[in-house]
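Asker: Turn this into a model:
(2 chains)
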Amino acid sequence: METLFFAIITLVAIVSAILVISCKNPINSALALVMTFFCLATYYVMLDAPFMAAIQVMVYAGAIMVLIVFTIMLLNIRVDATKKHSHKILLGSIIGFFTLINTVYILMKSHAAAPTGPFTGDMIKQIGHTELIGQEMFTKFLLPFEITSILLLVAIVGAVILAKKKL
Amino acid sequence: MENLNSYLTVSAILFSIGTIGVLTRKNAIVIFMCIELMLNAVNLTFIALSRYLGNLDGQVFVFFVMTVAAAEAAVGLALMIAFYNNKESIDVEDVNMLKW
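Answerer: Numbers count the residues shown, from 1 in each chain, chains lettered A, B, ... in the order given. A predicted model of the protein is given here:
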């Protein structure tokens, strides 16, 4: 049952990812990308990471995609594809396909061999995923978490300055 | 729970599709969305391996990747708006002011 569900989600994710790169209109690409993000959130739920799934839907499918769609509509871009560069598409596809073959080959040859940590699926279900993530983030990763706030401040200031009329 | 390799394969496929998009499209916003797709493929790898190894560090890393992606979206889209104000286009082939 779960395998069938996984197969359906995978199919939807890959088809919508292909739609992202093949749609002529950027708005359609953005909507297909939202679909891919929802499929990834489903994967996260299947991997016992419900907090990450919620963050995925809220931050990615919510905030970031709203920003992108807002920019697309603000700029009012005409649909491209006036002229085609077939050799570029061919070359890019070959490189992407080669990346895929290489990665899958390495995946099939290897297996994950790191020391396993203490967090099992039962433990995550019992204590709660959000609580475990919070414990990790505010003890072991406190310094990176604080640095993240500086990054966000820089991004806010940078975006405001860049989008001003006069630079 | 599914096999780890199936998640990693899905992630590899999504990453490759994102790569093809970055290399073939000319609209800067679509290229930007393909980069987001690649970031998400990597996030899936992080979470699958983290769950498989019973270690939550990977999921905290995904949180940081999402933060960086949000910052990147804000700055990148502001850059695109600034470029559009100058050139009335966001084709990456029009970004050639530094060429001789």
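
Asker: For the rest of this, base every contact and every neighbour count on C-alpha atoms.
Answerer: OK.

Asker: Ramachandran coordinates for B:Val95?
Answerer: Backbone geometry at B:Val95, expressed as degrees, to the nearest 10, gives phi -90, psi 80.

Asker: wait, I meant A:Leu47
Answerer: phi -90, psi 20.

Asker: okay, it: pLDDT?
Answerer: On the pLDDT scale, A:Leu47 is placed at 90.

Asker: With the one 3 residues further on instead?
Answerer: A:Pro50 is assigned 91 on the pLDDT scale.

Asker: For it, which residues are in contact?
Answerer: By Cα atoms under 8 Å, 6 or more residues apart in numbering or on different chains, the contact set of A:Pro50 is A:Tyr44, A:His129, A:Thr130.

Asker: what's the distance between A:Leu91 and A:Val15?
Answerer: 21 Å (Cα to Cα, to the nearest Å).

Asker: could the contacts of A:Pro50 go into JSON lines alongside secondary structure?
Answerer: Below are the contacts of A:Pro50 laid out as JSON lines (DSSP: H, G, I helix; E, B strand; the rest coil):
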{"residue": "A:Tyr44", "secondary structure": "helix"}
{"residue": "A:His129", "secondary structure": "helix"}
{"residue": "A:Thr130", "secondary structure": "helix"}
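
Asker: which among the residues you listed gets closest to chain B?
Answerer: Chain B has its nearest neighbour among these in A:Tyr44, at 7.2 Å by Cα to the nearest Cα.

Asker: Who's the closest spatial neighbour of the closest one, skipping the chain neighbours?
Answerer: Distances taken as Cα to Cα, 6 or more residues apart in numbering or on different chains place A:Ala53 nearest to A:Tyr44, at 5.4 Å, with adjacent residues excluded.

Asker: residue closest to the middle of chain A?
Answerer: The residue lying closest to the centre of chain A (Cα atoms, centre = their mean) is A:Phe37, at 6.1 Å.

Asker: tell me the mean pLDDT for the helix or strand harbouring B:Leu8?
Answerer: Under DSSP states H and E, the secondary-structure element containing B:Leu8 is helix B:4-24. Averaged over helix B:4-24, pLDDT sits at 92.

Asker: can you count the residues close to the residue nearest to A:Tyr44?
Answerer: A:Ala53 is flanked by 22 other residues according to other Cα atoms under 10 Å in any protein chain shown.
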